[in-house]
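S.K.: I'd like to go over a predicted model; first the sequence, then the structure.
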Amino acid sequence: MHLGPLIRQLVAEHDFPLCYLSSEPDDPGLDYVGRHGASFVIGKGAVRNVLFKSFPAGLLVMTMPDIETFHIKRSVNAVHYVYVHHSLISTHMVYLPQAFDNFETIFCVGPHHVDEIRAREQQYGLPAKQLFEHGYGRLDSILARASAPNQAEDQTHDRPLRVLLAPSWGPHGLLETQGVVLAGILLRAGLHLTVRPHPQTGFLSPRVISELRGLYGEHAAFELEQDITSEDSLFASDIMISDWSGAAMEFAFGLERPVLFINVPRKMRNPDYQALGIEPLEARVRHEIGDVLSVDKLEEAPERIRKLTENRQEMRARIRASCRHWVYNLGQSGASGAAELASIARNIAHLT
């Protein structure tokens, strides 16, 4: 999902051997890379940990942060570690403080990542990493599909507005704390609602999913989508409701459609994030791509939704300007990133 554009460009344009490792047996990258190189399922246990520790010298590209923080360690060999972001969000609130400290190169989504990483390096005297202005592959995939001729937005005026409820997860998350109540409000207002829970919500809070299905599963205007590999609900929706999820920016930037943010407590794994002196992007961007509603005013959600979807052209222009400011290489991240990886690989080969 996140490495796809990079991998496709590496295969098409650069003659480097690829080896793809995944903990998930249903990862679609396994089959694709397997046709052009080597791919392996490494699981989530001791075998994976030993493999990382003994990884041969070369270049390792990861979408998992926190190497060296927990059980997955850097190799004893000379490996150049590259981190590719799997979200648009900032580096210093949702992630642990040291999440990106042990990579040689960071592929940055936008200027916020550069500013945050450089600020942390200066604040803590860390070695300067190589920061590459990359962009965001998943967003490029959404943009490409959105521009296809068969993806024209449904302009039917007499249909109900389609709302996608796709928040983050956690004990203070929107779905966990207000999902059942909010769903009832939206359905009573005559809106079509698709609930797309984060996989972790289904794993950690299955009661919420069961309650939603039990209360609204037979409602003609209610859908529950648990296959997050599908993008159909994104393209079918007029507006998203979210909390602190990075998916909100993917939806807004990719489709130029608004997001209504419900102001539940911030999701954070770094309680000292304010020490960096930079407001996280997921907070800064909210009024650029939509509106914010207090959690004690959920009854106002239908009216806020209608206001946000009234002047679509004005909202599109706002969102487009925000996207161009915050994301590098729109539509071109795969090509630019693959060229940079090829350059790093050539330098490694030259040094060895």
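M.R.: The structure has been received and is ready for your questions.

S.K.: rest of the way, CA atoms for contacts and neighbours
M.R.: Fine.

S.K.: Can you pull out the low-pLDDT segments for the stretch 101-250 of the chain?
M.R.: Under the criterion pLDDT under 70, the flagged ranges of the stretch 101-250 of the chain are 151-157.

S.K.: ranges for the helices of it?
M.R.: Assigned by DSSP state H, counting those that start in this stretch, the stretch 101-250 of the chain shows helices spanning 111-124, 137-146, 174-188, 199-204, 206-216, 232-236, 247-255.

S.K.: Go through stretch 111-129 and flag the buried ones.
M.R.: 112-114, 116-117, 119-120, 129 (16 or more other CA atoms under 10 Å).

S.K.: just stretch 189-199 next, same as before
M.R.: Buried positions in stretch 189-199, judged by neighbour count with 16+ other CA under 10 Å: 191-198.

S.K.: Pull the most distant pair out of those.
M.R.: The most widely separated members of the buried residues of stretch 189-199, counting by CA to CA, are Leu191 and His198 (21.6 Å).

S.K.: which ones are touching Val292?
M.R.: For Val292, the contact set (CA atoms under 8 Å, 6 or more residues apart in numbering) comprises 260-263, 286.

S.K.: what's the answer for Ala236, then?
M.R.: Arg162.

S.K.: Could you check how far it is from Arg312?
M.R.: Ala236 is 15 Å from Arg312, where distance means CA to CA, to the nearest Å.

S.K.: rewinding a little: of all pairs in the buried residues of stretch 111-129, which one is the farthest apart?
M.R.: So, the buried residues of stretch 111-129 by CA to CA: farthest apart are His112 and Lys129, at 15.3 Å.

S.K.: Show me the domain layout of the protein.
M.R.: Listed domain ranges for the chain are 4-136+329-351, 154-326 (source: automatic domain parsing).

S.K.: tell me how far the first one is from the chain's mean position?
M.R.: In other words, domain 4-136+329-351. 15 Å (CA atoms, centre = their mean, to the nearest Å).

S.K.: start at 6 instead
M.R.: Happy to do that; since the first residue is 6 now, the last one works out to domain 9-141+334-356.

S.K.: Looking at the buried residues of stretch 116-134, spot the one nearest Val332.
M.R.: His117 (8.9 Å).

S.K.: May I have the residues that are in contact with the closest one?
M.R.: Contacts for His117 (CA under 8 Å, 6+ apart) come out as 95, 286, 331.

S.K.: Closest to Lys312 out of those?
M.R.: Nearest to Lys312 among the contacts of His117, with distances taken as CA to CA, is Leu286, at 24.0 Å.

S.K.: returning to what we had before: who wins for most neighbours among the contacts of His117?
M.R.: Within those, neighbour counts (other CA atoms under 10 Å) peak at Ser95, which reaches 24 neighbours.

S.K.: Which one, of the domains of the chain, ends up nearest to Arg150?
M.R.: domain 159-331 (9.1 Å).

S.K.: returning to what we had before: could the buried residues of stretch 116-134 go into CSV alongside distance to Asp31?
M.R.: Putting the buried residues of stretch 116-134 into CSV (distance: CA to CA, whole Å) gives the following:
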residue, distance to Asp31
His117, 33
His118, 30
Val119, 33
Glu121, 34
Ile122, 33
Ala124, 38
Arg125, 36
Lys134, 33
